[in-house]
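1. Provided below for reference: sequence and predicted model.
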Amino acid sequence: MVLLPEWNQRKYQYCPFAVRNIRRAPNEDEWLTEIDEGVIELYNLLKEQFDRIVYIIEKELNFRGSNAFWVKVLNQYLINKDYLYPWLTEVNLPYIFAYFGMTHQKVYKQKFLIGSDIYNTLSSYQGVEFIISENRYAQLVNQKGSFLNLFFRFIKHTYKVSNGEAIIESMMFYIDDRTTGKTIYEKQIEFSETFFMNMINKDNSNKRQQRLMNIADKNMPALK
């Protein structure tokens with residue numbers, strides 16, 4: 001006998017594969033008002049897989065955040081109750097976590113992959129200096145006598161169904177200088193449909209990052 005999952009009307013309404021007159025496009029003005037089992041499942045998935053979620057974000061953006069940075073990102077996500085975003089799914093969890101948690105976070109003292117597009121753009125910006133901090137990565141600081149006011153930003157979470165089958169889900173990523181009002185880096189990010197779920201299903205417990213798992217354990221109480 002095949003056991004079917006319990007019907008969830010909310011998941012159906014916000015699913016890209018729902019029929020056209022039912023499904024809803026991403027809208028940051030529309031939020032869930034109740035914490036249901038689906039919300040709790042995704043909240044717990046974030047907690048249990050926090051280090052892998054961070055890994056995916058850092059790999060996508062060619063940077064590495066400090067422990068303090070990820071504490072701030074997580075706390076912002078929790079304080080704003082971004083886990084109530086209706087379009088949050090198992091597949092897009094790493095990207096939506098970055099979308100809400102990293103927006104308005106400072107770029108200062110974070111590390112970037114040397115030679116990447118984002119590194120090259122930032123290294124040529126007035127007032128920026130990089131300090132080689134570890135293998136292949138350099139920490140962004142300000143040049144002597146300069147003040148940096150650079151922040152991460154994400155907008156335009158969208159999806160479309162291609163040929164009735166493949167979901168193309170994306171968002172825009174920016175780094176802004178709030179002093180000048182300039183956007184100094186931008187990139188469209190397409191979500192991987194398989195990366196996160198493949199990581200979860202792999203037996204690679206020896207590669208878990210305990211320092212990040214500790215951050216989630218300490219800052220994420222049980223959601224009720």
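-> That came in fine, so what should we check first? Remember, it's a predicted structure, so these values are computed and weren't measured experimentally.
2. isn't Phe160 right up against Glu190?
-> For the record, residue 160 is Lys, not Phe. No: Lys160 is beyond contact range of Glu190, at 10.9 Å (criterion: C-beta atoms under 8 Å). Glycine gets a C-beta too; all of them are placed from N, C-alpha and C.
3. joint contacts of these two?
-> Contact criterion C-beta atoms under 8 Å, 6 or more residues apart in numbering; residues bridging Lys160 and Glu190 by contacting each: Ile168.
4. contacting residues for the one residue sitting closest to the centre of the chain?
-> Geometric centre of the chain, nearest residue: Ala98, 2.0 Å, by C-alpha atoms, centre = their mean. Contacts for Ala98 (C-beta under 8 Å, 6+ apart) come out as 57, 60-61, 73, 154.
5. Check Pro26 too.
-> 87, 157-159.
6. measure it to Phe63 for me?
-> 25 Å (C-beta to C-beta, to the nearest Å).
7. what does Glu134 give?
-> With C-beta to C-beta as the criterion, Glu134 and Phe63 are 12 Å apart.
8. More neighbours: those two, which one.
-> Neighbour count, other C-beta atoms under 10 Å: between Glu134 and Phe63, Phe63 has more, with 21 against 9.
9. Hmm, Ile114 and that one touching each other?
-> No: here Phe63 lies out of contact with Ile114, judged by C-beta under 8 Å, at a distance of 11.1 Å.
10. Overlap in contacts, the two.
-> Between them, Phe63 and Ile114 share no contacting residue, judged by C-beta under 8 Å, 6+ apart.
11. which residues touch the helix or strand containing Ala216?
-> Assigned by DSSP states H and E, Ala216 belongs to helix 210-219. Helix 210-219 has contacts (C-beta under 8 Å, 6+ apart) with 46-48, 50-51, 54, 67, 70-71, 74-75, 78.
12. at 10 Å what do you get?
-> 46-55, 65, 67-68, 70-71, 73-75, 77-78, 209 (C-beta atoms under 10 Å, 6 or more residues apart in numbering).
13. what comes up buried for it?
-> 212-213, 215-216 (16 or more other C-beta atoms under 10 Å).
14. would you put the C-alpha positions of it in CSV?
-> Presented in CSV, the C-alpha positions along helix 210-219 are these (Å, rounded to 0.1, in the frame of the first residue of the first chain):
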residue,chain,number,x,y,z
GLN,A,210,30.2,22.1,14.7
ARG,A,211,30.8,25.8,15.3
LEU,A,212,27.8,26.6,13.0
MET,A,213,25.7,23.9,14.5
ASN,A,214,26.4,25.3,17.9
ILE,A,215,25.1,28.7,16.7
ALA,A,216,21.8,27.2,15.7
ASP,A,217,21.4,25.1,18.8
LYS,A,218,22.0,28.2,21.0
ASN,A,219,19.8,30.6,19.1
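15. Report the mean per-residue pLDDT for it.
-> For helix 210-219, mean pLDDT is 97.
16. Asn204: neighbouring residues, count only.
-> Applying other C-beta under 10 Å, I find that Asn204 has 10 neighbouring residues.
17. Same question for Met172.
-> 15.
18. and it, how far is that from Phe151?
-> Met172 is 14 Å from Phe151, by C-beta to C-beta.
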